[in-house]
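Trainee: Fold the following, please.
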Amino acid sequence: MSGNENFRWGIIGTGGIARTFARDIAYLEGHEIAAVGSRTIMKSQEFTDEFPATPFGSYEELVASDVDAI
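Mentor: Sure, this is the predicted structure:
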């Protein structure tokens, strides 16, 4: 990660805690929600309607992605 890139977060799950965390990340300069993983792609896609990110239909896909932290 170079000095000009955002820190890329991955979020596991799409429930209330995940949404609260995503809202908090949105306020931080230099950070972004890059991906979200859920047990179904539909739930991930619904989440990314509110928080733009790459949706994954499994936790394993999220872990294998190029996010900086989960």
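Trainee: measure Ile70 to Phe56 for me?
Mentor: Taking C-beta to C-beta, to the nearest Å as the measure, Ile70 falls 11 Å from Phe56. Just so you know, the C-beta spots here come from the backbone N, C-alpha and C atoms, and that holds for glycine as well.
Trainee: what do these two both touch?
Mentor: Among the neighbours of Ile70, those also in contact with Phe56 (C-beta atoms under 8 Å, 6 or more residues apart in numbering) are Leu62.
Trainee: quick one, which of the two is more surrounded?
Mentor: Phe56 (22 against 13; other C-beta atoms under 10 Å).
Trainee: For the nearest residue to the more buried one once chain neighbours are set aside, name its beta-bridge partners.
Mentor: Excluding its sequence neighbours, the residue lying closest to Phe56 (C-beta to C-beta, 6 or more residues apart in numbering) is Gly37, at 4.2 Å. Beta bridges link Gly37 to Ile12, Phe56, judged by DSSP bridges.
Trainee: Cool, thanks, talk later.
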